[in-house]
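1. starting from these lines, generate the structure:
(chains A, B, C and D)
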2 protein chains.
Amino acid sequence: MRDAGQKENTGRTGVTKGRTDEFQGGGSTVDAARGRLTSLADVARRAGVSITTASRVMSASPHPVAADTRRRVLQAADELDFEPNLVARGLVAHRTSMVAILVDDLTDPAAALVARGVEDDAFEHGFSVVVGDTDGDTAKQVAYVRKLRAMRADAVLLATAAADGGANREDLMRQLRQVEGGGGVIVRLGPNGATPSDVAWSRRDVFDLAVGHLHALGHRRIALLAGHGRGGHTAAVDACRSAIEALGLALPPKHVVTMGAADSAAAMAQAIDALTPEVTALIATSDASAAALMAALQARGRRIPAELSICGLGDLPVASMVSPALTTVRLPLRESGRVGMLRAREVLDGGVSVKRTELPVELVVRDSTAPVREAF
Amino acid sequence: MRDAGQKENTGRTGVTKGRTDEFQGGGSTVDAARGRLTSLADVARRAGVSITTASRVMSASPHPVAADTRRRVLQAADELDFEPNLVARGLVAHRTSMVAILVDDLTDPAAALVARGVEDDAFEHGFSVVVGDTDGDTAKQVAYVRKLRAMRADAVLLATAAADGGANREDLMRQLRQVEGGGGVIVRLGPNGATPSDVAWSRRDVFDLAVGHLHALGHRRIALLAGHGRGGHTAAVDACRSAIEALGLALPPKHVVTMGAADSAAAMAQAIDALTPEVTALIATSDASAAALMAALQARGRRIPAELSICGLGDLPVASMVSPALTTVRLPLRESGRVGMLRAREVLDGGVSVKRTELPVELVVRDSTAPVREAF
DNA sequence: TTGTAGGCGTTATCAT
DNA sequence: ATGATAACGCCTACAA
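-> All right, here's what the predicted structure looks like:
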């Protein structure tokens, strides 16, 4: 979930085409200040009714309005192409119909899936979604929540990795409390770890599935390719170790390869290569890193799964686009976004607190894992 | 840019873990109506000044305020953890500091990159970004623009594929005109085609680069793997054909394989396979589909680039994660988002019209293309 | 340097 | 069934 795919530019040639000349486009010039748009007052005047009546019609108020009057208002609105000013409406309603989803990096396929899930439910129910990238930076995250508070977002969904426990951590909690104190909803999305999420999946289940699968194939010495140090790093290592130890095996530190954001896939592959054939299988904390590793390993002449079984995490699109197709544990990414948004709405119109939910994960067996070779 | 990666679940086994039990979380219960947040009035009262003075301090107004008074206001604001209400501010300013980026599907890595680029610049300049997925559905796009108009978004950046020319098309244009009429900015992002984009790259350049590269390697019969029918489909085919014909070659219809959204990568591979060895090279309109095709081809025993050279499009992360690494044409995706946002800001505070820009594309040679084999 | 009055576009309250 | 009036929280004149 955390490990953004390594992008290694092994390009040997660089041919550039295209220019950067700029010329005045043909668009219409616009005033710096936004011209007055048509308001309820305009509609009311044209329909020959009071603003109040126009409002009642346009806002679908339960207040009774004569059929004929309603028709006239509707027609006037249509002729004027009137669109209610949500800003003004938000001011009086203390509700903006805007929610936010905070992720580390939208460019990470996992994050995009979560955001998409949020958007799915939001669109269906008339909410707009503001997306914020924190780049794993807690300070940036604090800045975002503060801003969201300023814009009176109805809910903030957090899908960022657990923040490092720095001083910013306290600032963040304070901001979040402020949001909640003001009636805003906070929903945490992601794997259940030290701080449980509201819409979650079990990190332990994930590794039980992966490890169990490899164990069943006869693998006894399993390595772990973990993402960059930040966020869920340690939690993932711990969960994996627990799962491995539960089967009577061990995950010695030297079998844990940490992939720094800067490390190249080639360097990773070299590190892993040094572990084989002692290690016969590997679990990567993300399909993206698994795919990158696999390609680098293949470039070094290693055959997968013959010489090393690889299991990814996430079941991202890339998992089925590589060769061999990646065995992986499917994470309810998009679904968690949908459910998170649903939970937020429940609180918003029910006044209840956020209902906690644990979504199931699933093992997806493809072609990157195989029975361990008896001898070599 | 359009072709979302095919996700082919070749999973042979499905083991599920985790439950969906739901229990009341420990969060604090919140009133349905948002409690009154601290306003300027509160700050003013606590600082012993008028609301106006407090406003001047908090909004960094150029109006002079005594140093001591300013200090008191700032302190009161700090103690109250005051955050200015952007909704109210937006109502009077006729500016919301909100922009929107519309894409077909955020889950498409290319779209995510564009959105990320927008977000990069937006965050730096105090704007919030609303993301909307249209799923290539013009009606949904119209609905979105209408809503954005209602929420008085300062700008709408369009990165969706060219809409089909249906009846909705006219509706869309009308909505866009309304946005512009109201002082909103519209910026089109994407390849230059029939309707030129404001921040663009040359589709023709892209194919010239790809075709030129393959031609230089000796390839004379090149196939094209095009995305699902919608959007830039035809435009891509045309541009590719032009590029090929410019070199004295041809792109007969039978060498154009269209990938329906539902078509499996395996089906694609079969279709391509039938073209070889007559065809010695292939260009895919997206790295994602190139990667999927390559994996499927490899699964059928084909060797790449020995038997078929493959050139992708985009230089998405996946391009360097597959084996062999994909030769591709880099598209200025993230950059187009940044520049698009910049252009919007220029219009917003300059009152000028959108400056058109063409960003350069670049050939990135990796390992999926090789000189054509002399004989076979 | 500070404060008062009015209004941004809507909805809610209270008449009529 | 309809309408006048008062907020919502802030900013911009226009005084003092």
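2. what's the spacing between A:D198 and DNA strand D?
-> Distance of A:D198 to DNA strand D, computed by Cβ to the nearest atom of the strand, to the nearest Å: 28 Å. Where C-beta positions appear, they are placed from N, C-alpha and C, glycine not excepted.
3. again, but for A:T234
-> 41 Å.
4. pretty sure that residue sits in a helix.
-> Yes: counting by DSSP: H, G, I helix; E, B strand; the rest coil, A:T234 is located in a helix.
5. wait, a strand at A:G312?
-> Yes: with three-state DSSP as the criterion, A:G312 is part of a strand.
6. residues contacting it?
-> Residues in contact with A:G312 (Cβ atoms under 8 Å, 6 or more residues apart in numbering or on different chains) are A:283-284, A:286-287, A:289-291, A:319, A:326-329, A:368.
7. any chance of TSV for the residues you listed, columns distance to DNA strand C, pLDDT and secondary structure?
-> Shown next, in TSV, are the contacts of A:G312 (distance: Cβ to the nearest atom of the strand, whole Å; pLDDT from 0 to 100; DSSP: H, G, I helix; E, B strand; the rest coil):
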residue	distance to DNA strand C	pLDDT	secondary structure
A:I283	53	98	strand
A:A284	51	97	strand
A:S286	45	94	coil
A:D287	46	96	helix
A:S289	49	93	helix
A:A290	51	95	helix
A:A291	50	94	helix
A:A319	47	94	helix
A:L326	51	97	coil
A:T327	53	98	strand
A:T328	48	98	strand
A:V329	47	98	strand
A:S368	55	97	coil
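8. so which of these comes closest to A:R241?
-> Of all the contacts of A:G312, A:R241 sits closest to A:I283, with 11.1 Å by Cβ to Cβ.
9. how many neighbouring residues does that closest one have?
-> 30 (other Cβ atoms under 10 Å in any protein chain shown).
10. check contacts around it.
-> Applying Cβ under 8 Å, 6+ apart, one finds that A:I283 lies in contact with A:207, A:210-211, A:214, A:222-225, A:240, A:310-313.
11. please report how far it lies from A:S289.
-> 11 Å (Cβ to Cβ, to the nearest Å).
12. what do you get for A:M341?
-> Distance of A:M341 to A:S289, given as Cβ to Cβ: 28 Å.
13. give me every residue that touches the residue of the stretch 151-300 of chain A found nearest DNA strand D.
-> In the stretch 151-300 of chain A, the residue that lies nearest DNA strand D is A:R152 (8.7 Å; Cβ to the nearest atom of the strand). Shown in contact with A:R152 (Cβ under 8 Å, 6+ apart): A:G90, A:H94, A:T96, A:M98, A:G182, A:G184, B:R34, B:L37, B:N85, B:L86, B:V87.
14. that older thread, what subset of the contacts of A:G312 is buried?
-> Listed as buried from those are A:283-284, A:286-287, A:289-291, A:319, A:326-329, A:368; burial here means 16 or more other Cβ atoms under 10 Å in any protein chain shown.
15. next, the contact list for the closest residue to A:S97 other than its chain neighbours, please.
-> Using Cβ to Cβ, 6 or more residues apart in numbering or on different chains and skipping the chain neighbours, the partner closest in space to A:S97 is A:F127 (5.2 Å). For A:F127, the contacting residues are A:S97, A:M98, A:V99, A:D154, A:M341, A:R345, by Cβ under 8 Å, 6+ apart.
16. what's the local residue count around the first one?
-> As a burial measure, the neighbour count of A:S97 was computed by other Cβ under 10 Å and equals 19.
17. in which helix or strand does the residue in the stretch 251-376 of chain A positioned nearest to DNA strand D reside?
-> The minimum distance from the stretch 251-376 of chain A to DNA strand D, using Cβ to the nearest atom of the strand, falls at A:L348 (17.8 Å). Assigned by DSSP states H and E, A:L348 belongs to helix A:333-350.
18. so is that helix next to DNA strand C?
-> No: using Cβ under 7 Å from any atom of the strand, helix A:333-350 stays clear of DNA strand C, coming no nearer than 13.7 Å.
19. figure out how far that helix is from the centre of its chain.
-> Centroid separation for helix A:333-350 versus its chain: 14 Å, with Cα atoms, centre = their mean, to the nearest Å.
20. and for stretch A:301-320?
-> With Cα atoms, centre = their mean, you get 23 Å for stretch A:301-320.
21. kindly report the same for stretch A:121-138.
-> Computed by Cα atoms, centre = their mean, the separation of stretch A:121-138 from the middle of its chain amounts to 9 Å.
22. what's the end-to-end length of it?
-> Using Cα to Cα, to the nearest Å, one end of stretch A:121-138 lies 27 Å from the other.
23. tell me which residues of that stretch are tucked away?
-> By neighbour count with 16+ other Cβ under 10 Å, stretch A:121-138 contains the buried residues A:121-123, A:127-134, A:136-138.
24. output the lowest mean pLDDT helix or strand found in chain A.
-> One helix or strand of chain A scores below all others by mean pLDDT, DSSP states H and E: strand A:22-24, with a mean of 35.
25. which is the next helix or strand following that strand?
-> Next along the chain after strand A:22-24, taking DSSP H and E as the criterion, comes helix A:40-47.
26. only the C-alpha atoms, please, for that following helix, written as PDB.
-> Extracted in PDB, the C-alpha atoms of helix A:40-47 (Å, rounded to 0.1, in the frame of the first residue of the first chain):
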ATOM      1  CA  LEU A  40     -32.400  33.600  -6.900                       C
ATOM      2  CA  ALA A  41     -33.400  37.200  -7.000                       C
ATOM      3  CA  ASP A  42     -33.200  37.200 -10.800                       C
ATOM      4  CA  VAL A  43     -35.400  34.100 -11.000                       C
ATOM      5  CA  ALA A  44     -37.900  35.500  -8.600                       C
ATOM      6  CA  ARG A  45     -38.200  38.700 -10.400                       C
ATOM      7  CA  ARG A  46     -38.700  37.000 -13.700                       C
ATOM      8  CA  ALA A  47     -41.300  34.700 -12.300                       C
END
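27. thank you, goodbye.
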